[in-house]
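Student: I would like the atomic coordinates for the input below:
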Amino acid sequence: MKIHFIAIGGSVMHQLAIALRRKGYVVTGSDDEIFEPAKSNLEKEGLLPAAMGWFPEKLQPGLDAVILGMHARADNPELLRASELSLPVYSFPEYIYRESKDKTRVVVGGSHGKTTTTAMIMNVLKETGRDFDWLVGARLEGFSQSVNITRAPVIVCEGDEYPASTLEKRPKFHFLFPHIVVLTGIAWDHINVFPTFEIYLEQFRIFMNKIEPGGVLIYNDTDPVLKGLVEEHMAAGKGDTATGTGARALRTIGYGVPAHRIENGITVVTLEGQSGPLKVFGEHNLLNLHAAYLVAKELGIGVGEFLRGMASFSGASKRLELLAAGKSVNIYRDFAHAPSKVKATIRAVKTQFPDRRLVAVLELHTYSSLNEQFLSEYRGSLDPADEAVVFYSRHALELKRLPPLPEQRVKEEFGKPGLAVIQDREELRAWLMQESFKNVNLLLMSSGNYDGLDVTALSAEIIQQETI
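Tutor: Model (predicted):
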């Protein structure tokens, strides 16, 4: 197979290129700029383009596939050349499906928790010695790649609702046609793509219609919006919960928070009468775990195997990741940015450590979160924190071509008394360093980097200060 990548330097694109090269394919690619770690990763595999830029002459008859990255525009010279030659052009998810037509396809979708749930399934499959491929949107301990494509019989995919490419505006998860689906919950996000909640909701209706006949839908039935959507789907004759009969013979399985207890700061979960300790915590992680178990069960893994496989799971990168710990302070980093994610993450830390003060720092970084019309969705999200900061940079607003966001409006919409609103990186650092970190958990929530603040160095400084 001969494959060419347009925009090979993307965080997931370059991983797919490496996976296909390792599978034995002939792989080439182009990009106008490639950053670390993609640059080094591609160089090690002999895939780094000799020069940056677009080179239509790389597109020749006989290519089996051209894979189009997200930041390649419709007027890209290589894309135009591919069209002239009538070469098959695929978005990333379209090509993943092409490579997995003969596999059992597991797809985890939803507005929150999909990375962690996917990672849990992967960890259990790895720990129990199963052969499988994967696609996940984060760095995971024990996995050198975020994408793996071999001849394994199963593939586990994180299903993103964001558009597939510059040409294909439909969500990525519409192209995967799964046999086993997890839906973790629905909360409006990506308002730049889905301007109303109803439009956003429709993407999940379409996704459910793309489950393969005879498939299974595992869904969070504690989410009223999602539960209603599934009931609507089944009532429309798409399948029968009890017998697996109907137009598409779809089975549905609802899940919730499993039985558990907290012992000396460690969560112990119970499934089907068997118990095991976890390294992760919080109700949202317990929901994710229950979904992962139901998938594992569909794949023939028993509860004992599952719990043993989960015992080593420490979480995905930036998902309640423990950055540093002192005698009486823990510093966590989390990818939380959407309102539902912020609420779940704060609740998790507060529940796990009820006797510690919680200092929460939330960066508004996405288009949705920086949009003044969306701010009301965050109301009450920071309330459980003892102290809270909302940070956003003027630079982020400029990049997204959004108008200035008034600090007072942020305070009004969040509705938390005493909320600090900061727009300067050094001011944020100074605010944190004046805190007394005795018997405290510090929670840093962001999909960005606080305008370049070195949170690892900051964490070490806080720990040092706490020991003085």
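Student: got any ranges where this protein has weak pLDDT?
Tutor: 166, 238-248, 466-468 (pLDDT under 70).
Student: quick check: longest helix in it by residues?
Tutor: Secondary structure of the chain per DSSP state H: the longest helix is helix 283-298.
Student: what are the contacting residues of that one?
Tutor: Here helix 283-298 makes contact (C-beta atoms under 8 Å, 6 or more residues apart in numbering) with 106, 108, 112-113, 116-117, 120-121, 124-125, 180, 182, 184, 216, 218, 220, 222, 253, 255-258, 260, 267, 269, 271, 278, 280, 303, 305-306, 309-310, 315, 320, 344-345, 347-348, 351. Using the backbone N, CA and C atoms, a C-beta is placed for each residue, glycine as well.
Student: could you find the closest non-adjacent residue to residue 100?
Tutor: Nearest residue to residue 100, sequence neighbours excluded (C-beta to C-beta, 6 or more residues apart in numbering): residue 155, at 4.6 Å.
Student: can you mark which positions in the helix or strand hosting the one you found are buried?
Tutor: Using DSSP states H and E, residue 155 maps to strand 154-158. Using 16 or more other C-beta atoms under 10 Å as the test for burial, strand 154-158 gives 154, 155, 156, 157, 158.
Student: same thing with stretch 30-39?
Tutor: For stretch 30-39, by 16+ other C-beta under 10 Å, it's 30, 31, 34, 38.
Student: stretch 16-23 too?
Tutor: The neighbour-count criterion (16+ other C-beta under 10 Å) identifies 16, 17, 18, 19, 20, 21 as the buried residues of stretch 16-23.
Student: any idea how far residue 24 lies from residue 165?
Tutor: According to C-beta to C-beta, to the nearest Å, residue 24 and residue 165 sit 25 Å apart.
Student: actually residue 295, sorry about that
Tutor: 28 Å.
Student: cool, residue 252 as well?
Tutor: Counting by C-beta to C-beta - residue 252 and residue 165 are separated by 31 Å.
Student: residue 373 now?
Tutor: Residue 373 sits 27 Å away from residue 165, taking C-beta to C-beta as the criterion.
Student: between those two, which one's more packed in?
Tutor: residue 165 (24 against 10; other C-beta atoms under 10 Å).
Student: the residue nearest to residue 100 bridge partners, please.
Tutor: residue 105, residue 133 (DSSP bridges).
Student: any idea which element the residue nearest the centre of the chain lies in?
Tutor: Nearest to the geometric centre of the chain sits residue 115, at 3.9 Å (C-alpha atoms, centre = their mean). Here residue 115 is covered by helix 114-127, with elements defined by DSSP H and E.
Student: can I get that helix in CSV, CA atoms only?
Tutor: The C-alpha coordinates for helix 114-127 follow below in CSV (Å, rounded to 0.1, in the frame of the first residue of the first chain):
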residue,chain,number,x,y,z
LYS,A,114,-14.4,9.4,26.4
THR,A,115,-10.6,9.6,26.6
THR,A,116,-10.5,8.1,30.1
THR,A,117,-13.1,5.4,29.3
THR,A,118,-11.1,4.4,26.1
ALA,A,119,-7.9,4.3,28.1
MET,A,120,-9.5,2.1,30.7
ILE,A,121,-10.6,-0.4,28.1
MET,A,122,-7.1,-0.3,26.5
ASN,A,123,-5.4,-0.9,29.8
VAL,A,124,-7.5,-3.9,30.7
LEU,A,125,-7.1,-5.4,27.2
LYS,A,126,-3.3,-4.9,27.5
GLU,A,127,-3.1,-6.3,31.1
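Student: measure how it sits relative to helix 283-298, angle-wise.
Tutor: 40 degrees (axes from the mean of the first three to the mean of the last three C-alpha atoms, to 10 degrees).
Student: output the contacting helices and strands for helix 114-127.
Tutor: Under the contact criterion of 3 or more C-beta pairs under 8 Å, 6 or more residues apart in numbering; DSSP states H and E, helix 114-127 touches strand 104-109, strand 154-158, helix 283-298, helix 303-310.
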